[in-house]
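Chemist: Please find the sequence and the predicted model below.
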Amino acid sequence: ILNVEQSPQSLHVQEGDSTNFTCSFPSSNFYALHWYRWETAKSPEALFVMTLNGDEKKKGRISATLNTKEGYSYLYIKGSQPEDSATYLCALHAGGTSYGKLTFGQGTILTVHP
Amino acid sequence: DTEVTQTPKHLVMGMTNKKSLKCEQHMGHRAMYWYKQKAKKPPELMFVYSYEKLSINESVPSRFSPECPNSSLLNLHLHALQPEDSALYLCASSRKTESRTDTQYFGPGTRLTVL
(Lines give C-alpha, C1' and ligand atoms only; values in the text may rest on other atoms or scores of the structure.)
Protein backbone atom coordinates (compact mmCIF):
# COMPACT_ATOMS: atom_id res chain seq x y z
CA ILE A 1 0.00 0.00 0.00
CA LEU A 2 1.46 3.35 -1.05
CA ASN A 3 1.44 6.08 1.58
CA VAL A 4 1.01 9.61 0.24
CA GLU A 5 0.95 12.20 3.02
CA GLN A 6 0.06 15.87 2.82
CA SER A 7 0.73 18.52 5.42
CA PRO A 8 -0.66 20.55 6.92
CA GLN A 9 -4.22 19.18 6.80
CA SER A 10 -5.60 22.71 6.79
CA LEU A 11 -4.24 26.22 6.57
CA HIS A 12 -5.75 29.65 7.14
CA VAL A 13 -3.95 32.65 5.66
CA GLN A 14 -4.70 36.29 5.05
CA GLU A 15 -5.13 37.72 1.57
CA GLY A 16 -1.73 38.66 0.20
CA ASP A 17 0.20 36.09 2.25
CA SER A 18 2.39 33.57 0.49
CA THR A 19 2.02 29.99 1.59
CA ASN A 20 3.30 26.53 0.90
CA PHE A 21 2.44 22.95 1.72
CA THR A 22 3.99 19.54 1.34
CA CYS A 23 3.27 16.21 -0.31
CA SER A 24 5.42 13.26 0.85
CA PHE A 25 5.60 9.93 -0.93
CA PRO A 26 7.78 6.80 -1.05
CA SER A 27 10.78 7.62 -3.24
CA SER A 28 11.18 4.05 -4.49
CA ASN A 29 9.24 3.27 -7.66
CA PHE A 30 8.36 6.94 -8.21
CA TYR A 31 7.14 7.73 -11.71
CA ALA A 32 4.97 10.86 -11.65
CA LEU A 33 3.32 13.25 -9.22
CA HIS A 34 0.10 15.05 -10.05
CA TRP A 35 -1.23 18.15 -8.25
CA TYR A 36 -4.91 19.10 -8.30
CA ARG A 37 -6.94 22.03 -6.93
CA TRP A 38 -10.47 21.17 -5.83
CA GLU A 39 -12.96 23.89 -5.03
CA THR A 40 -16.13 22.96 -3.20
CA ALA A 41 -18.91 21.68 -5.50
CA LYS A 42 -16.64 21.79 -8.55
CA SER A 43 -14.46 19.29 -10.41
CA PRO A 44 -10.88 18.74 -9.28
CA GLU A 45 -8.71 20.84 -11.59
CA ALA A 46 -5.33 19.57 -12.74
CA LEU A 47 -2.45 21.90 -11.89
CA PHE A 48 0.80 20.06 -12.64
CA VAL A 49 2.26 16.71 -13.59
CA MET A 50 5.84 16.35 -12.41
CA THR A 51 8.27 13.60 -13.25
CA LEU A 52 11.90 14.77 -13.01
CA ASN A 53 13.89 15.26 -9.83
CA GLY A 54 14.50 18.98 -9.34
CA ASP A 55 11.61 19.86 -11.63
CA GLU A 56 9.87 23.16 -11.01
CA LYS A 57 6.57 24.09 -12.61
CA LYS A 58 4.63 27.35 -12.51
CA LYS A 59 1.09 28.41 -13.31
CA GLY A 60 0.37 32.04 -12.52
CA ARG A 61 0.98 32.56 -8.80
CA ILE A 62 1.20 28.83 -8.10
CA SER A 63 4.41 26.86 -8.43
CA ALA A 64 5.59 23.41 -7.43
CA THR A 65 8.92 21.69 -6.91
CA LEU A 66 9.82 18.02 -6.85
CA ASN A 67 12.47 16.02 -4.98
CA THR A 68 12.18 12.38 -5.99
CA LYS A 69 15.31 11.27 -4.07
CA GLU A 70 13.86 12.28 -0.70
CA GLY A 71 10.23 11.79 -1.70
CA TYR A 72 8.53 15.16 -1.44
CA SER A 73 6.96 17.94 -3.46
CA TYR A 74 6.16 21.48 -2.36
CA LEU A 75 3.33 23.61 -3.66
CA TYR A 76 3.73 27.38 -3.29
CA ILE A 77 1.12 30.08 -3.67
CA LYS A 78 2.41 33.64 -3.90
CA GLY A 79 0.15 36.48 -2.76
CA SER A 80 -2.84 34.30 -1.87
CA GLN A 81 -6.27 35.51 -2.95
CA PRO A 82 -9.67 34.43 -1.59
CA GLU A 83 -10.31 32.58 -4.87
CA ASP A 84 -7.33 30.35 -4.05
CA SER A 85 -9.39 28.83 -1.24
CA ALA A 86 -9.69 25.15 -2.11
CA THR A 87 -8.41 21.69 -1.25
CA TYR A 88 -5.06 20.95 -2.84
CA LEU A 89 -4.47 17.27 -3.59
CA CYS A 90 -1.36 15.49 -4.71
CA ALA A 91 -1.49 12.07 -6.34
CA LEU A 92 1.33 9.62 -6.97
CA HIS A 93 1.68 7.40 -9.97
CA ALA A 94 4.15 4.73 -8.85
CA GLY A 95 6.32 2.91 -11.36
CA GLY A 96 5.38 -0.59 -10.28
CA THR A 97 1.63 -0.05 -10.40
CA SER A 98 -0.84 -0.43 -13.21
CA TYR A 99 -1.03 2.38 -15.70
CA GLY A 100 -3.66 4.92 -14.76
CA LYS A 101 -3.62 4.16 -11.04
CA LEU A 102 -3.24 7.32 -8.98
CA THR A 103 -2.87 7.20 -5.20
CA PHE A 104 -4.08 10.43 -3.63
CA GLY A 105 -3.04 12.19 -0.44
CA GLN A 106 -5.72 13.45 1.90
CA GLY A 107 -5.30 17.03 0.75
CA THR A 108 -4.50 20.39 2.30
CA ILE A 109 -7.53 22.63 2.81
CA LEU A 110 -6.52 26.24 2.19
CA THR A 111 -8.72 29.12 3.35
CA VAL A 112 -7.70 32.63 2.34
CA HIS A 113 -9.37 35.36 4.42
CA PRO A 114 -10.01 38.78 2.82
CA ASP B 1 -13.11 21.60 -23.97
CA THR B 2 -11.82 19.68 -20.97
CA GLU B 3 -15.19 18.93 -19.44
CA VAL B 4 -16.31 15.68 -17.92
CA THR B 5 -19.99 15.67 -17.03
CA GLN B 6 -21.68 13.45 -14.47
CA THR B 7 -25.35 12.84 -13.80
CA PRO B 8 -27.13 12.94 -11.50
CA LYS B 9 -25.47 15.43 -9.13
CA HIS B 10 -27.21 13.86 -6.15
CA LEU B 11 -28.83 10.46 -5.69
CA VAL B 12 -30.68 8.98 -2.75
CA MET B 13 -31.51 5.30 -2.96
CA GLY B 14 -32.74 2.50 -0.77
CA MET B 15 -30.81 -0.71 -0.26
CA THR B 16 -33.10 -2.64 -2.61
CA ASN B 17 -33.05 -0.10 -5.44
CA LYS B 18 -31.21 -0.34 -8.74
CA LYS B 19 -29.78 2.91 -10.06
CA SER B 20 -27.08 4.05 -12.46
CA LEU B 21 -24.52 6.85 -12.50
CA LYS B 22 -23.53 8.31 -15.84
CA CYS B 23 -20.32 9.98 -16.99
CA GLU B 24 -19.60 11.56 -20.37
CA GLN B 25 -16.62 13.17 -22.07
CA HIS B 26 -16.11 14.44 -25.61
CA MET B 27 -12.37 14.99 -25.55
CA GLY B 28 -11.58 11.84 -27.50
CA HIS B 29 -10.06 10.25 -24.40
CA ARG B 30 -9.73 6.47 -24.47
CA ALA B 31 -9.27 5.91 -20.73
CA MET B 32 -12.04 6.43 -18.19
CA TYR B 33 -12.06 5.97 -14.44
CA TRP B 34 -14.40 5.64 -11.47
CA TYR B 35 -13.23 6.85 -8.06
CA LYS B 36 -14.99 6.78 -4.70
CA GLN B 37 -14.45 9.41 -2.05
CA LYS B 38 -15.70 9.00 1.51
CA ALA B 39 -15.90 12.02 3.79
CA LYS B 40 -12.50 13.36 4.85
CA LYS B 41 -10.69 10.68 2.86
CA PRO B 42 -8.81 10.87 -0.43
CA PRO B 43 -10.40 9.62 -3.66
CA GLU B 44 -9.85 5.89 -4.15
CA LEU B 45 -9.70 4.24 -7.54
CA MET B 46 -12.45 1.70 -8.27
CA PHE B 47 -12.29 0.88 -12.00
CA VAL B 48 -10.33 1.80 -15.10
CA TYR B 49 -11.50 1.33 -18.67
CA SER B 50 -9.03 1.45 -21.51
CA TYR B 51 -10.35 1.48 -25.07
CA GLU B 52 -13.79 0.45 -23.73
CA LYS B 53 -12.38 -2.62 -21.98
CA LEU B 54 -12.13 -3.01 -18.21
CA SER B 55 -8.42 -2.92 -17.35
CA ILE B 56 -8.42 -2.40 -13.58
CA ASN B 57 -10.93 -3.53 -10.96
CA GLU B 58 -9.67 -2.62 -7.49
CA SER B 59 -11.47 -5.55 -5.83
CA VAL B 60 -14.75 -3.64 -5.84
CA PRO B 61 -17.84 -5.56 -4.59
CA SER B 62 -20.09 -6.90 -7.35
CA ARG B 63 -22.95 -4.65 -6.25
CA PHE B 64 -21.06 -2.02 -8.31
CA SER B 65 -21.10 -2.89 -11.99
CA PRO B 66 -19.29 -0.62 -14.46
CA GLU B 67 -20.07 -0.41 -18.13
CA CYS B 68 -18.42 1.46 -20.99
CA PRO B 69 -20.83 1.33 -23.96
CA ASN B 70 -18.66 3.59 -26.13
CA SER B 71 -15.53 5.70 -25.88
CA SER B 72 -17.43 8.77 -24.61
CA LEU B 73 -19.66 7.20 -22.02
CA LEU B 74 -19.09 5.42 -18.72
CA ASN B 75 -21.82 4.07 -16.47
CA LEU B 76 -21.78 2.69 -12.96
CA HIS B 77 -24.74 0.42 -12.19
CA LEU B 78 -25.68 0.14 -8.54
CA HIS B 79 -27.68 -2.67 -6.97
CA ALA B 80 -28.28 -3.76 -3.37
CA LEU B 81 -25.98 -1.13 -1.95
CA GLN B 82 -25.25 -0.69 1.74
CA PRO B 83 -25.38 2.54 3.76
CA GLU B 84 -21.57 2.47 3.96
CA ASP B 85 -21.49 2.89 0.17
CA SER B 86 -22.70 6.46 0.64
CA ALA B 87 -19.95 8.64 -0.84
CA LEU B 88 -19.01 11.00 -3.64
CA TYR B 89 -18.44 9.07 -6.87
CA LEU B 90 -16.04 10.77 -9.25
CA CYS B 91 -15.50 10.00 -12.90
CA ALA B 92 -12.32 10.94 -14.77
CA SER B 93 -10.86 10.52 -18.23
CA SER B 94 -7.41 10.73 -19.81
CA ARG B 95 -6.00 10.42 -23.31
CA LYS B 96 -4.90 6.86 -22.71
CA THR B 97 -3.84 4.62 -19.87
CA GLU B 98 -0.45 3.59 -21.30
CA SER B 99 1.04 6.66 -19.66
CA ARG B 100 1.75 7.56 -16.09
CA THR B 101 1.95 11.26 -16.94
CA ASP B 102 -1.33 11.84 -18.76
CA THR B 103 -3.57 14.23 -16.86
CA GLN B 104 -6.80 12.77 -15.57
CA TYR B 105 -9.70 15.19 -16.01
CA PHE B 106 -12.40 14.86 -13.40
CA GLY B 107 -16.12 15.46 -13.34
CA PRO B 108 -17.81 17.15 -10.37
CA GLY B 109 -19.05 13.87 -8.94
CA THR B 110 -22.34 12.30 -7.91
CA ARG B 111 -23.17 12.50 -4.22
CA LEU B 112 -24.77 9.16 -3.34
CA THR B 113 -26.74 8.50 -0.17
CA VAL B 114 -27.90 4.96 0.57
CA LEU B 115 -30.69 4.72 3.14
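Modeler: Arrived safely.
Chemist: can you map out the strands along the chain?
Modeler: I went with chain A, as the question did not name one. Ranges of strands within chain A are A:5-7, A:10-14, A:19-24, A:30-38, A:45-50, A:56-59, A:62-67, A:72-77, A:86-94, A:103-104, A:108-113, based on DSSP state E.
Chemist: Let me rephrase: I mean chain B.
Modeler: Here chain B has its strands, by DSSP E, at B:4-7, B:10-13, B:18-25, B:31-37, B:44-50, B:53-57, B:64-70, B:73-79, B:87-94, B:105-106, B:110-114.
Chemist: Could you pull out the buried residues of the fifth one?
Modeler: Burial within strand B:44-50, assessed by neighbour count using 16 or more other C-beta atoms under 10 Å in any protein chain shown, is assigned to B:44-50. Heads up, the C-betas are built off the backbone N, CA and C, glycines and all.
Chemist: Relative to B:Thr97, how far out is B:Glu52?
Modeler: B:Glu52 sits at a distance of 12 Å from B:Thr97 (criterion: C-beta to C-beta, to the nearest Å).
Chemist: Mind checking which of these two has more residues around it?
Modeler: B:Thr97 (23 against 15; other C-beta atoms under 10 Å in any protein chain shown).
Chemist: I'd guessed the more buried one sits against B:Met32; true?
Modeler: No. Contact criterion C-beta atoms under 8 Å: B:Thr97 and B:Met32 do not qualify, at 9.3 Å.
Chemist: Need the residues touching each of these two.
Modeler: Here B:Thr97 and B:Met32 have B:Val48 as joint contacts, going by C-beta atoms under 8 Å, 6 or more residues apart in numbering or on different chains.
Chemist: So what touches the helix or strand of chain B with the lowest mean pLDDT?
Modeler: None of the helices or strands of chain B scores lower by mean pLDDT, DSSP states H and E than strand B:53-57, at a mean of 92. Residues from elsewhere that reach strand B:53-57 (C-beta under 8 Å, 6+ apart): A:98-101, B:45-49, B:66, B:68, B:97.
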